[in-house]
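Asker: quick one: sequence plus predicted model below, questions after.
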Amino acid sequence: MRLGILFLLLWFSNELWSQKQQDSIPVLHEISVQGNFEKQFLPGNNIIFPKAKTIDFYGGNNINEVLKQNSSIYFKEYGNGMLTTIAFRGTSASQTSVLWNNFNINSFTLGQNDFSLIPVHAISEISIIPGSGSSMGGNGAFGGAVLLENPLQFTSGHQLSLGQQIGSYGQFNSNLSAKGSNDQWAYSTKLYWGKAENDFEILQTGEKQDNARFERWGINQNIGYKISSQDQLKLAIWYHDNFREIQPPIGSHRDINEQTDHNLRTHLNYERNGEKSKLNIGTGFFMDEMDYRLGQAISYYKVNRLESFADFKYHFSNQHQVKLSARHNHIDAQNQSYEAGGATEERYSFGALFKGQVLKNLDYAFHLRQQVVPGVNIPISPYAGISTQILKSENHRLDLKLNSSYNYRLPTLNDRYWNEAGKPDLNSETSWNKEVTLTSQYGWNELKSNFSITAYHNQVDNWIQWIPDANNQWRPRNIKEVLARGIETSASIVFPIVSDLKFEVDGQYSFTKSTVIESEGNQNEIGKQLIYTPLHKANASASIIWREFSMDIFQQWTGKVFTTNSNSDVYALDAFLLNDLGFKWNHKTWTTSAQVKNLFNKSYQLYSGYAMPGRNYQLTIQYKINIKK
């Protein structure tokens, strides 16, 4: 039935295109094949694109290193290379969406993503959508969304890249990437493998960290086929395999805990581009499997998903367009801790997105999204955003952006189906977010500067939390309301010093006040800052570039982090400043770089009781060869 609907949409749209178009709108030329999260439908949002130098510097790491260097995001890390969860704008880890080519890859059991399972080498493009506009990608993105993409481009030529990195504590990373195309085919291949003994010195005790080894490998393969000038196909397959010993807390010498994760993500997309229209349909299969072992104790789950979508975009004129979307998600979860050993669920969503220009310098967007899940109460999710140009001169441009949205997050499968604890009748969490952004761009000769400041206000109701009941059994409940508000600023400047010598500097600062305003479970937490949400956070980087040589300095400052609901200073994590230093030499086909992480050997923790490495080193050699057609 579902496939029949998709084919019917395709046939109907083809009939529309077969009619003669009377309007003079030009053909929508597409230069790439990728996911259908179209950022142009977010004029009221300030979208963050991590800098290339940051991606290069942290290329041997997981993407959380890139994200926290370029945004206000805070990550809880249960040790080096261990479970890593996100805290975005004062929200919880399950309130941020992670999308790969516009398919949500959050865990459907826990509702969150483990960023230690996403290496930088697996992804071609990373972008961050803070706040309201993230709802365009589906439910639950109260804090924002992280977009991971592997686009394909039909350009002439081929490129092969081989990389090898060695580092402290037995770190060893290898990667191979290849991409290319001709007039009809395009491909992108990413292979990666890495391991680390992870036996760093625990600065607090002087002992060596034990039982923290990890190893991973994976492949991300994308193939595109241009059927005609209007029709394209894309097949994407991403498989990731991860093994790790679970790093124990400081001072603990417990038995070895082991965890193995297998993730398979695939999708097949079809695109058809007309003079005024675009149709995009696709389907994907996703499998997430986790096996955790402590001695004879085993925890295991496996989630299979089949997700299909159809999007139809139509240009009424040069100034206005609409996008209609439908999506279906079939979820089959096997979990020994669920009643009956598993759960099956069907999810449907429908959306209408409008975008246009009402005045010469005023762009708007309006979205409506409705998800349908049998037995679950889900509100409609609207979004509205505008962008206007306040000032424009020969050297300066000033823009104002405004947006607001009402979003929701479904209770997770664990929340609803956990044996003798889950509550199928839990309400969805809801969020009402408002934000305003002012951006400034200035350029004079080769000097360029950018500045932005964003203020946001986000109220979250029906926040789900697991608390003990009268019989001291832990159960999920909708028990509190949270108000997150704050300010985010960023600034960058690029200017030449002398011939062939250039200096770049950029920085970000965020103030995040996220407090409980109502609570049924604990009255003492009202008015207190949420745990693992730093009030202050700042990042900065500086680069000096001379011909083929460059030197980069990265700094990350994190303010005090509370770890208890009472905001006790006794158990809070101290503020810390980390400094990373790198040198790089680009010479024709070879790139050699050296990095020093935690330059001043700072003792710090990102999750209470779990050690992080002191000063450590990495050496990377990359070889690239370009083959032109």
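Answerer: Good, I have the coordinates.
Asker: geometric centre of the protein: which residue is closest?
Answerer: In the chain, the residue lying closest to the centroid (CA atoms, centre = their mean) is residue 146, at 2.1 Å.
Asker: in its sheet, what does the longest strand seen in the chain sit against?
Answerer: Using DSSP state E, we find that the single longest strand of the chain is strand 474-498. Sheet pairing of strand 474-498 (DSSP bridges) gives strand 447-468 (antiparallel), strand 501-519 (antiparallel).
Asker: quick one: buried residues of that strand?
Answerer: 475-486, 488-492, 494 (16 or more other CB atoms under 10 Å). Glycine gets a C-beta too; all of them are placed from N, C-alpha and C.
Asker: now do stretch 585-602
Answerer: For stretch 585-602, by 16+ other CB under 10 Å, it's 586, 591, 593, 595, 596, 597, 598, 599.
Asker: repeat that for stretch 112-129.
Answerer: Here stretch 112-129 shows 112-124, 126-129 as buried, counting by 16+ other CB under 10 Å.
Asker: repeat that for stretch 378-394.
Answerer: 378, 381, 382, 383, 384, 385, 386, 387, 388.
Asker: one more: stretch 558-568?
Answerer: 558, 559, 561, 562, 563, 565, 567.
Asker: ends of that stretch, how far apart?
Answerer: For stretch 558-568, the first-to-last residue distance is 18 Å (CA to CA, to the nearest Å).
Asker: what's next to it, contact-wise?
Answerer: Stretch 558-568 has contacts (CB atoms under 8 Å, 6 or more residues apart in numbering) with 74, 516, 522, 524-525, 528-537, 569, 571-576, 608.
Asker: show residues contacting stretch 496-507.
Answerer: Residues contacting stretch 496-507 (CB under 8 Å, 6+ apart): 51, 53, 446-447, 490-495, 538-547.
Asker: pull out the buried residues from these.
Answerer: 51, 53, 490, 491, 492, 494, 538, 539, 540, 541, 543, 545.
Asker: sorry, back to before: from the buried residues of stretch 378-394, which land in strands?
Answerer: Short answer: the buried residues of stretch 378-394 in strands (DSSP E) are 381, 382, 383, 384, 385, 386, 387, 388.
Asker: as a markdown table, those residues with distance to residue 176 and pLDDT would be great.
Answerer: Listed next are these as a markdown table, based on distance: CB to CB, whole Å; pLDDT from 0 to 100:
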| residue | distance to residue 176 | pLDDT |
| --- | --- | --- |
| 381 | 41 | 91 |
| 382 | 45 | 93 |
| 383 | 40 | 93 |
| 384 | 45 | 94 |
| 385 | 41 | 94 |
| 386 | 45 | 95 |
| 387 | 41 | 95 |
| 388 | 46 | 95 |
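Asker: which of these lies closest to residue 85?
Answerer: Residue 85 lies nearest to residue 381 out of those, by CB to CB, at 23.9 Å.
Asker: that closest one bridge partners, please.
Answerer: residue 369.
Asker: contacting residues for it?
Answerer: 135, 139, 367, 368, 369, 370, 371, 405, 406, 407, 408.
Asker: one more: residue 484?
Answerer: 89-91, 143, 456-460, 512-514, 530 are the contacts of residue 484 under CB under 8 Å, 6+ apart.
Asker: show me how to select, in PyMOL, the buried members of these.
Answerer: In PyMOL, this line selects whichever of those come out buried by 16+ other CB under 10 Å:
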select buried, resi 89+90+91+143+456+458+459+460+512+514+530
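Asker: rebuild the buried ones among the contacts of stretch 496-507 as JSON lines, extending it with distance to residue 452.
Answerer: Listed next are the buried ones among the contacts of stretch 496-507 as JSON lines, based on distance: CB to CB, whole Å:
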{"residue": "51", "distance to residue 452": "14"}
{"residue": "53", "distance to residue 452": "19"}
{"residue": "490", "distance to residue 452": "5"}
{"residue": "491", "distance to residue 452": "8"}
{"residue": "492", "distance to residue 452": "10"}
{"residue": "494", "distance to residue 452": "16"}
{"residue": "538", "distance to residue 452": "15"}
{"residue": "539", "distance to residue 452": "14"}
{"residue": "540", "distance to residue 452": "15"}
{"residue": "541", "distance to residue 452": "16"}
{"residue": "543", "distance to residue 452": "20"}
{"residue": "545", "distance to residue 452": "24"}
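Asker: quick check: the farthest pair among the residues you listed?
Answerer: 538 and 545 (23.5 Å).
Asker: on that earlier part again, after the helix or strand encompassing the residue nearest to the centre of the chain comes which helix or strand?
Answerer: Assigned by DSSP states H and E, residue 146 belongs to strand 144-149. Next helix or strand after strand 144-149 toward the C-terminus (DSSP H and E): strand 152-153.
Asker: parallel or antiparallel, list what pairs with that following strand.
Answerer: When DSSP bridges is applied, strand 152-153 pairs with strand 32-33 (antiparallel).
Asker: who does the very next helix or strand once past the strand it pairs with touch, helix- and strand-wise?
Answerer: Downstream of strand 32-33, the first helix or strand assigned by DSSP H and E is helix 52-57. Where contact means 3 or more CB pairs under 8 Å, 6 or more residues apart in numbering; DSSP states H and E, helix 52-57 is packed against helix 63-69, strand 536-546, strand 549-558, strand 576-587, strand 590-597.
Asker: perfect, I'm done here.
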